[in-house]
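**Q** Below are the sequence and a predicted model for it; my questions follow.
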Amino acid sequence: MCPAFVLRLSRNRALAASVAALVVCGLLAWWLVPFGRPSPSGELTFSTGSRSGVYQRYGVLLERALAEDMPDVRIELRTSEGSQQNLARLASGEADFTIATADAVATYRHQDLPEADRLRGCARLYDDYVHLIVPRRSPVRSVADLRGRTVGVGEPGSGIRLVADRLMAAAGLDPTDDITPVPAGMDTMPAQLEGGELDAFFWSGGLPTGSVQALSERFDIRLVPLEQELVGRLHAGGDSTTYYRSAVMPADAYPQAQGGVPVPTVAVANLLVTTDRIGPVLTEGFTRTVIDSRDRIGKTVHPAQLVDLRTAVYTSPLPLHDGARRYYRSAKP
């Protein structure tokens, strides 16, 4: 065989082998690093809640999960008074993502407040349970018994304030004239109750709320029942009040405060909220982390365990963000 022919044959075989190797490497890279899902990047602000509340504790742990899942995104947490202030921050562009109760969202939209039409839902999270807390020896047995008393009602921008005012009105009280309202947050109300500065205070949060649990372990408190008939009166207000439902605090939510007895109350869903200004890639990644980190976060913030892929997609009264919708479609079994 001609030496020149042998040389050309060897070169052709070497070239064919190189091409084959490149194809294999390309297929392997495609399999290991899917090109269809770009990594989110940029900066975002997450508005949480009061320093000792569930929103803030949840936000701190979620920030860590986001840092692992989206390393190219820088996240800033901002404490707030609660749901109402959180929504105002989203609307003004001061925040990119937040948590807010469904009743606060519906109220914001019903009142046609600034940028209300730009709000979008990412996930239904867990339910908040309304607490009405009094010293164990208090004569207060119902919301109506708060008449003439000094009551912690939450900060002006909180979801607590919204539901507390509505519950008192449903019980026949004027929230301004029939009580002495104290606009305070969860960071101060327990100590005020202990010190006798408050006769009672309202709180709305997941079960159990750490600050309430800690209070029950050092001071004798009792949870006042919020009976089902109150929910019916709330619903008579229509629109945003229809997001309240009757619920029961399990007997073991706060063992020291409940004495093994379930307590009827009012519950409302929490939503993860953003706006249509946030792109689909970032929103998809954020939503994915919220769902995937449920068990990790739930070990510390127990309400997070209740985040459920099957119900997370129901973000009424908000339309679902396109990025969140893309995540739910990809997450189907």
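**A** Cool, the structure landed.
**Q** mind listing what the residue nearest to T180 when sequence neighbours are not counted touches?
**A** Spatial nearest neighbour of T180, excluding adjacent residues (C-beta to C-beta, 6 or more residues apart in numbering): T150 at 4.4 Å. For the C-beta atoms, the positions are set from N, CA and C on the backbone; glycine is no exception. Remark: with contacts taken as C-beta atoms under 8 Å, 6 or more residues apart in numbering, T150 is in contact with I179, T180, V182, E197, L198, D199, A200.
**Q** got CSV for the residues you listed, with pLDDT and secondary structure too?
**A** Listed next are these as CSV, based on pLDDT from 0 to 100; DSSP: H, G, I helix; E, B strand; the rest coil:
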residue, pLDDT, secondary structure
I179, 98, coil
T180, 98, strand
V182, 98, strand
E197, 98, coil
L198, 98, coil
D199, 98, coil
A200, 98, strand
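**Q** Any chance of these in CSV with neighbour count and distance to R218 as columns?
**A** Output for the contacts of T150, formatted as CSV (neighbours: other C-beta atoms under 10 Å; distance: C-beta to C-beta, whole Å):
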residue, neighbour count, distance to R218
I179, 20, 26
T180, 14, 25
V182, 17, 21
E197, 14, 16
L198, 24, 16
D199, 22, 19
A200, 24, 18
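**Q** Identify the farthest-apart pair in those residues.
**A** Farthest-apart pair in the contacts of T150 is I179 and E197; separation 13.9 Å (C-beta to C-beta).
**Q** what pairs with the helix or strand containing V268, and is each one parallel or antiparallel?
**A** Taking DSSP states H and E as the definition, V268 sits inside strand 263-275. Here strand 263-275 is paired, per DSSP bridges, with strand 97-101 (antiparallel), strand 119-135 (antiparallel), strand 245-249 (antiparallel).
**Q** If you count neighbours, what's buried in the last one?
**A** Going by neighbour count (16 or more other C-beta atoms under 10 Å), the buried part of strand 245-249 is S246, A247, M249.
**Q** Quick one: name whatever helix or strand follows that strand.
**A** helix 255-258.
**Q** A95 contacts R78, doesn't it?
**A** Yes - using C-beta atoms under 8 Å, A95 makes contact with R78 at a distance of 6.5 Å.
**Q** the more surrounded of the two?
**A** A95 (25 against 17; other C-beta atoms under 10 Å).
**Q** any idea how far that one lies from T274?
**A** 9 Å (C-beta to C-beta, to the nearest Å).
**Q** Could I get the full set of strands for the stretch 51-200 of the chain?
**A** Counting by DSSP state E, counting those that start in this stretch, one finds strands in the stretch 51-200 of the chain at the ranges 73-78, 97-101, 119-135, 150-152, 180-182, 200-205.
**Q** Contact partners for the residue most central in space within the chain?
**A** For the chain, the residue nearest the mean C-alpha position is I99 (4.0 Å; C-alpha atoms, centre = their mean). Shown in contact with I99 (C-beta under 8 Å, 6+ apart): T48, G49, Y55, Y58, G59, S83, N86, L125, N270, L271, L272, V273.
**Q** could those be laid out in CSV, adding neighbour count, distance to Q228 and pLDDT?
**A** Below are the contacts of I99 laid out as CSV (neighbours: other C-beta atoms under 10 Å; distance: C-beta to C-beta, whole Å; pLDDT from 0 to 100):
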residue, neighbour count, distance to Q228, pLDDT
T48, 25, 32, 96
G49, 30, 28, 93
Y55, 29, 27, 90
Y58, 26, 29, 90
G59, 25, 33, 92
S83, 35, 24, 96
N86, 31, 29, 97
L125, 26, 24, 95
N270, 28, 22, 96
L271, 26, 24, 97
L272, 27, 29, 97
V273, 27, 29, 98
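**Q** In a markdown table, list these along with distance to H302.
**A** As requested, the contacts of I99 are arranged in a markdown table below (distance: C-beta to C-beta, whole Å):
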| residue | distance to H302 |
| --- | --- |
| T48 | 17 |
| G49 | 16 |
| Y55 | 14 |
| Y58 | 10 |
| G59 | 15 |
| S83 | 20 |
| N86 | 21 |
| L125 | 13 |
| N270 | 14 |
| L271 | 19 |
| L272 | 18 |
| V273 | 22 |
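**Q** quick revisit: for A95 and R78, list the residues in contact with both.
**A** Both A95 and R78 are contacted by T45, F46, S47, R89, under the criterion C-beta under 8 Å, 6+ apart.
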